[in-house]
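predicted model, plus sequence, below.
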Amino acid sequence: MDRPKVRLPVEFTYHVGYLPPRAQNQRRMPMQGSTVVEIDELDPATTEHVANVTSRRQFAYSSDRYVRARGAPPVRVLYADGSFWREDMPLDDLRRQLASGAIDRGYLAHLASRGTHSTEHGDVAGLSNEQRAAKVLAHVPHDRWQDDGGAATAEAFRKRAASMAVFDGAVFVRTPMPVIELSRYASRGLTIGSSRSYGPAEGRENEGDHRFDLDEAKQALAFQRSLSTEKEAADGTLEIELLKPGIWEAASHRDAVIDIAKHAFSKMMEKPDELPVEVLERAFDLRDALIECAGEITPMLLQVLEDLRAMPRPSDGQIAEWTLQAAQYGDNSWNKGRSAKLVEGAAAVVDEVVALAGRAMTRWEMRKPHASWEQHLTGPPVVWDEAGAIHQILTLSEARVLERMHGIDLSHEVRECLEGRARLHVAATGPYGVSLQSASPHALLVEDETGLRVLAAHPAIDAGAVSAVAERLTGRAFASAHAMAPGGGR
């Protein structure tokens, strides 16, 4: 079903470039254009207000999207449709900007030209587009006057608007997960950005930017002080209020793992013609997993990364085989030594990719021991409402925890999940999800082509309530007439 949309008329200025006869430098004539942009409205039933994040500073760069003047309301951050949304401005403010043509703030700023001063004819503010064109065409051939009617600028507005949404009287912009950044330029201090979060960079401050999750503000501040104890205090302060902490921890792991996996694939694709066939095959497996995952952590992606992490260093036999493969390049004078360099380069790529895969898996496995089950997973695999929650199990380590908890063997179900024929879920009632530490009441379910089936359940579970939660949130029915018996399981 199509979402409700807010339609906003836009007035803008664009420039037409032309070259008069015998001229070498292009002239410009400002023209007036208009369009209408449509911005989706977020559904209040599925939109979470997850944080208030604000940077209070006297001096701000244009890229500082979270800076607000002292006394101004904080920047709200939402979570909807598996994405974060940053508050841009009140809807009424945007409406006034777009109608006036003076678009100088917010996400839609700087897409249009400014001013009404032409190169050859002075200020043309009081003239229509036809009159402006006539002034040029009086001495310029028609084939040197190419006016698209502002179509390119209008399309730029529509593309930007596709990443925007309206909620609660304000306009929001889709954004990667916000993180705390410590710039190499220490005077900027701690800022809020949308880079991936890997923690402090190695080495000194000047060797790169440092990133922390939003729930690590104290660590970020301590790290900033440790880098530059003699410098003056940086301008500004951060105000961070996390309303849904579990979402941040889950998104942090998800985004970091996917970005590291992309980096590993890019490393293998830098010189694919110089890699052995078996390494290329693993690269293509990783590519397919990244395409299939669509921005989420999937069993396929984790399995490929695990295989890469376990990839052994090249043996003497492999190096000999790679040397034969590389020998196809010959040993001419201009290519002398190429075979040895290829083998050395391929081995180095293997080492780096193994390290990157290990880093990705370590990031995924470093989930906090005290975190709730919801915090261990990513956006869409966790679905909840006021009555309960259902969580899809995405990793082998999580399946092993459940095996120990319930004293059962999930080997068959895990194989079915890895082959894409089934899904494992835990379901619970109430607003708090499932805690592994406290073994809170929940039911362990498998979903396959026949429907839902109970594998194990906590003795104190409310069978009817959790059955209703599972059926409603998965959209599937139980395979048998009796969904679950109190204390059921196998």
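Thanks, I have the structure now.

CA atoms only: put stretch 15-31 into CSV for me.
Taking Å, rounded to 0.1, in the frame of the first residue of the first chain, the C-alpha atoms of stretch 15-31 are listed here in CSV:
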residue,chain,number,x,y,z
HIS,A,15,21.5,29.1,-15.0
VAL,A,16,21.7,28.6,-18.8
GLY,A,17,25.2,28.8,-20.2
TYR,A,18,25.8,30.1,-23.7
LEU,A,19,28.8,31.1,-25.9
PRO,A,20,28.4,34.3,-28.1
PRO,A,21,30.0,34.3,-31.5
ARG,A,22,33.8,34.9,-31.4
ALA,A,23,33.7,34.6,-27.6
GLN,A,24,36.0,32.2,-25.7
ASN,A,25,34.4,32.3,-22.2
GLN,A,26,30.9,31.0,-21.5
ARG,A,27,28.2,33.5,-20.4
ARG,A,28,25.4,32.7,-18.0
MET,A,29,21.7,33.8,-17.8
PRO,A,30,19.7,33.0,-14.6
MET,A,31,16.3,31.6,-15.3
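
so what's Trp145 closest to, chain neighbours aside?
Distances taken as C-beta to C-beta, 6 or more residues apart in numbering place Tyr18 nearest to Trp145, at 5.1 Å, with adjacent residues excluded. For every residue, glycine as well, the C-beta is placed using N, CA and C.

pretty sure that neighbour contacts Asn25?
No. The criterion here is C-beta atoms under 8 Å, and Tyr18 misses it with Asn25 at 11.0 Å.

looking at those two, which one has more neighbours?
Tyr18 (20 against 7; other C-beta atoms under 10 Å).

who does that one form a beta bridge with?
Counting by DSSP bridges, Tyr18 is bridged to Arg27, Trp145.

quick one, what contacts it?
Shown in contact with Tyr18 (C-beta atoms under 8 Å, 6 or more residues apart in numbering): 26-29, 136, 140, 144-146.

pLDDT wise, what is the spatially most central residue of the chain at?
Residue closest to the mean C-alpha point of the chain, counted by C-alpha atoms, centre = their mean, is Pro176 at 4.1 Å. pLDDT, the model's per-residue confidence, is 79 for Pro176.

tell me the spacing between it and Arg254.
11 Å (C-beta to C-beta, to the nearest Å).

next, find the distance separating Glu352 from Ile461.
Distance, Glu352 to Ile461, by C-beta to C-beta: 48 Å.

quick one, which of those two is more surrounded?
A direct count of neighbours by other C-beta under 10 Å for Glu352 and Ile461 places Ile461 higher, at 25 against 14.

sec struct for Ile192, please.
strand (DSSP: H, G, I helix; E, B strand; the rest coil).

relative to Glu471, how far out is it?
41 Å.

what does Ala99 give?
In this view, Ala99 and Glu471 are 49 Å apart by C-beta to C-beta.

more neighbours, those two?
More neighbours surround Glu471 than the other of Ala99 and Glu471, with 17 against 14 (other C-beta under 10 Å).

what's the helix or strand for the more buried one?
Assigned by DSSP states H and E, Glu471 falls within helix 463-474.

what residues of that helix count as buried?
By neighbour count on 16 or more other C-beta atoms under 10 Å, the buried set for helix 463-474 is 463, 466-471, 473-474.

what's the mean pLDDT across it?
Here helix 463-474 scores 85 as its mean pLDDT.

do stretch 361-376 as well
49.

again with stretch 288-299
79.

start and end of it, how far apart?
End-to-end distance of stretch 288-299 (C-alpha to C-alpha, to the nearest Å): 13 Å.

what about Gly104, how many neighbours?
Heads up, residue 104 is Asp, not Gly. 9.

correct me if wrong: it contacts Gln97.
Yes. Asp104 lies in contact with Gln97 (C-beta under 8 Å); the separation is 7.4 Å.

need the overlap of contacts for these two.
Between them, Asp104 and Gln97 share no contacting residue, judged by C-beta under 8 Å, 6+ apart.

tell me who's in contact with Gln89.
Not Gln; residue 89 is Met. Here Met89 is in contact with 105-106, 170-171 (C-beta under 8 Å, 6+ apart).

so which elements touch the helix holding Glu471?
strand 382-385, strand 388-392, strand 423-429, strand 443-448, strand 451-457 (3 or more C-beta pairs under 8 Å, 6 or more residues apart in numbering; DSSP states H and E).

chain center to that helix, what's the gap?
31 Å (C-alpha atoms, centre = their mean, to the nearest Å).

as CSV, could you dump the C-alpha coordinates of that helix?
C-alpha atoms of helix 463-474 as CSV (Å, rounded to 0.1, in the frame of the first residue of the first chain):
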residue,chain,number,x,y,z
ALA,A,463,1.3,-20.8,25.9
GLY,A,464,-1.7,-19.0,24.4
ALA,A,465,-0.2,-15.5,24.6
VAL,A,466,3.2,-16.4,23.1
SER,A,467,1.5,-18.5,20.3
ALA,A,468,-0.6,-15.5,19.4
VAL,A,469,2.4,-13.2,19.4
ALA,A,470,4.4,-15.7,17.1
GLU,A,471,1.5,-16.1,14.6
ARG,A,472,0.8,-12.4,14.4
LEU,A,473,4.4,-11.1,14.1
THR,A,474,5.5,-13.8,11.6
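
what angle sits between that helix and strand 451-457?
130 degrees (axes from the mean of the first three to the mean of the last three C-alpha atoms, to 10 degrees).

by how many degrees do helix 463-474 and strand 423-429 diverge?
130 degrees.

which residues pair with Leu444 across the strands?
Beta bridges link Leu444 to Val426, Ala456 when assigned by DSSP bridges.

sounds good, over and out.
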